[in-house]
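> sequence? don't have it. structure:
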Ligand SMILES: [Fe+2]
C-alpha cells in the first residue's frame with residue numbers, strides 16, 4: 001500500500017495519543033479461533049502519556065511507561081493496563097506539570113528552567129521482562145521498576161538487594177544512586193541466568209555488566225572502561241562472549257548541562273564512521289577483551305548471535321545507515337534520508353584475526369525493512385535461523401512499519417503480512433510444543449478507527465488465527481515478554 005508522508009504522520013500522531021483509562025481484568029471478545037493451548041500472559045510496555053501540564057513531549061521515546069497485560073487461557077483473553085508509577089511519574093501527577101527533563105524534552109521555561117537540571121525522568125517505558133519471579137519495567141537510563149504480575153501495580157524500584165547501587169554513592173548528593181540497567185537483558189534459557197548491562201557516562205565512560213542467577217541473586221557488577229563516548233541499546237550473548245556494537249558518537253556535555261539542548265539534541269552519532277565491535281569474555285578469565293572495527297552506521301537491536309566452528313562470532317543485527325531522528329518526525333517521514341530504514345545484516349566477527357566481515361543473507365532479506373527482532377528461546381549460542389520482526393513493504397523509504405515478517409536466514413526465505421496503514425507492534429512468540437513453531441502475538445494499531453487489536457498469527461505462515469479488540473486505543477509500544485502459565489504465581493490470572 002502506498003502511503004504519503006502526510007498519511008504516515010497522521011497515523012503516527014494517532015498512535016501516539018495519550019491513553020487516559022486504566023482497566024482491570026476486562027474480558028475481550030475474540031474473533032476467530034484462539035488456540036486453547038495458548039496459556040499464559042503477554043506483557044508489553046511502551047509510552048502511554050505524551051504530554052504533561054499541556055506540554056507535549058518533543059520525542060516519542062519520552063512518554064511515561066504504560067504496561068498492558070493480556071491473559072490468554074482456554075480460548076479467552078482478559079486485559080489489564082497500568083502506568084508505571086515511578087517516583088517521577090507520581091511527583092508529576094501531584095504537581096500537574098513537568099518537573100523533570102526527559103531524553104528528548106527539556107522543561108518548559110527555556111534555559112534557566114533547565115540549567116544544571118540533571119535529574120532526568122525514568123520513563124520506565126521500553127520493555128517489561130520476567131525473571132526469577134520478578135516482573136520488571138525497564139528503561140535503559142535508570143533502574144528497573146518491579147510490578148505485580150497479576151495487577152501491574154508498581155511495587156518498588158528494583159535494586160537487587162543493593163547490588164545495583166552505585167559504588168561510593170552518596171544518596172544526599174547524587175540524583176541517581178542506582179546504576180542504569182538496559183531494556184534488553186539476555187535470558188539464558190538453559191542456565192536461567194539473566195545477563196545485562198548499563199552504560200555509565202563519566203571519565204571514563206563505563207559499561208557495567210550484570211549477572212543475575214536463576215535464583216534472582218545479582219553478582220557484584222563487573223565494569224569495562226570504554227576508550228570513547230558511545231551509546232548502546234542492545235547486545236549479543238553467546239557461550240563465549242558478550243558483544244557490543246558501539247557507534248561513533250559524541251555528547252556535548254556542556255550544551256546538556258547548561259540546558260542549551262536536550263540530551264538527544266546533545267548527542268551526535270556519526271553513522272558514516274565505523275562502529276567499534278567490543279567482545280568481552282562472558283565470564284572473567286584468561287580471555288582478554290577484543291576491540292575491532294565494524295561497519296559504519298547504528299544498531300538499536302541484535303537479532304541473534306552464535307559462535308561458529310571457526311571461532312568466529314556470527315551476529316545478526318538491525319543496522320541503520322542514518323540515525324533515525326525521531327525528534328524531527330516531519331523531516332523523517334516527508335523527506336526520509338537514505339539509510340533511514342532498518343536492515344537485517346549478518347556479521348562475522350573473528351577475534352583471532354581482529355576482523356569483522358559482512359556475510360550475505362541473499363538479496364531479498366538484505367533489502368528488507370526489519371526491526372524489533374524476536375527469536376524462539378533456546379540454548380545460548382546455538383544458531384536460531386528463524387527470525388520474526390516488523391517491517392514495511394518493499395519500496396517504502398520511511399520507517400512506518402506496518403508488516404510482520406518471518407525470515408529464515410538459512411534459506412533466505414521471507415514470509416510477510418502487511419496491515420496496510422495499521423502500525424504493528426513487536427511480534428511476541430508463544431512457542432508451540434513438539435516442534436510446532438507456535439504463534440505470534442502483536443498489538444496492531446488500527447489507524448483511522450481509534451482502536452487497537454491483539455492479533456494472533458500462526459508463526460509458520462503468518463496466517464491470522466484470531467483477533468481481540470482492546471477496550472481502548474493503546475499507543476504503539478516497544479517491547480514485552482510472554483510468560484507461560486506454569487511460570488506465573490498461582491495468584492496471577494483467573
Ligand atoms: Fe529496544
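Thanks, I have the structure now. What you see is a predicted model, and the numbers here were worked out from it, not measured in a lab.
> can you give me the helices in the stretch 201-350 of the chain?
Along the stretch 201-350 of the chain, counting by DSSP state H, counting those that start in this stretch, helices occupy 253-257, 329-334.
> out of the ones you listed, which is closest to residue 83?
Distance to residue 83, taken as CB to CB, is lowest for helix 329-334 among the helices of the stretch 201-350 of the chain, at 23.6 Å. Where C-beta positions appear, they are placed from N, C-alpha and C, glycine not excepted.
> can you list contacts of that closest one?
Contacts with helix 329-334, where a contact means CB atoms under 8 Å, 6 or more residues apart in numbering, come from 5-6, 8-9, 12, 60, 324-326, 340, 398-400.
> just the buried residues of these.
Neighbour-count burial (16 or more other CB atoms under 10 Å) is assigned, among the contacts of helix 329-334, to 5, 8, 9, 12, 60, 324, 325, 326, 340, 398, 399, 400.
> and the two most separated of the residues you listed?
5 and 60 (16.5 Å).
> least confident pick among the buried ones among the contacts of helix 329-334?
Lowest in pLDDT among the buried ones among the contacts of helix 329-334 is residue 326, which has 75.
> any idea how far residue 47 is from it?
Distance from residue 326 to residue 47, counting by CB to CB, to the nearest Å: 11 Å.
> anything in contact with each of these two?
Joint contacts of residue 326 and residue 47 (CB under 8 Å, 6+ apart) are 60, 61.
> wouldn't residue 418 be in contact with residue 393 here?
Yes. Using CB atoms under 8 Å, residue 418 is in contact with residue 393, at 5.3 Å.
> find the residues that touch each one of those two.
When contacts are counted by CB under 8 Å, 6+ apart, residue 418 and residue 393 are jointly contacted by 1, 402, 403.
> can you give me the buried ones in stretch 311-325?
312-325.
> just how off-centre is it within its chain?
Distance of stretch 311-325 from the chain centroid (CA atoms, centre = their mean, to the nearest Å) equals 15 Å.
> what do you get for stretch 347-354?
27 Å.
> which residues touch that stretch?
Residues outside stretch 347-354 that contact it (CB under 8 Å, 6+ apart): 241, 243, 277, 279, 290, 292, 294-295, 308, 310-317, 355-359.
> ok, so of the buried residues of stretch 311-325, who is nearest residue 268?
Of all the buried residues of stretch 311-325, residue 268 sits closest to residue 323, with 8.8 Å by CB to CB.
> poorly predicted segments of the protein, please.
Applying pLDDT under 70 to the chain flags residues 107, 111-118, 168-176, 257-259, 286-287, 491-494.
> mind checking the longest helix of it?
When the chain is parsed with DSSP state H, its longest helix is helix 5-15.
> who are the packing partners of that one?
With contacts taken as 3 or more CB pairs under 8 Å, 6 or more residues apart in numbering; DSSP states H and E, helix 5-15 sits against helix 329-334, strand 423-424, strand 439-446.
> now render these as TSV, adding mean neighbour count.
What follows is those, written out as TSV (neighbours: other CB atoms under 10 Å):
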stretch	mean neighbour count
helix 329-334	17
strand 423-424	24
strand 439-446	24
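> what about the closest residue to residue 310 other than its chain neighbours, neighbour count?
Among residues not flanking residue 310 along the chain, residue 350 sits closest, at 7.6 Å (CB to CB, 6 or more residues apart in numbering). Residues lying near residue 350 (other CB atoms under 10 Å) number 16.
> what of residue 208?
Neighbours of residue 208 using other CB under 10 Å come to 19.
> okay, how far is it across stretch 26-44, tip to tip?
Using CA to CA, to the nearest Å, the end-to-end distance of stretch 26-44 comes to 16 Å.
> measure how buried residue 245 is and give me the count.
27.
> residues in contact with it?
232, 275, 276, 277, 278, 294, 299, 302, 317.
> do the same with residue 378
Residues in contact with residue 378 (CB under 8 Å, 6+ apart) are 189, 384.
> let's go with 10 Å and repeat that
188, 189, 190, 304, 384, 431 (CB atoms under 10 Å, 6 or more residues apart in numbering).
> for the stretch 101-250 of the chain, just list every one of the strands.
Taking DSSP state E, counting those that start in this stretch as the test, the strands found in the stretch 101-250 of the chain are 127-131, 134-138, 145-147, 154-157, 186-187, 194-200, 206-212, 222-225, 236-237, 241-246, 249-251.
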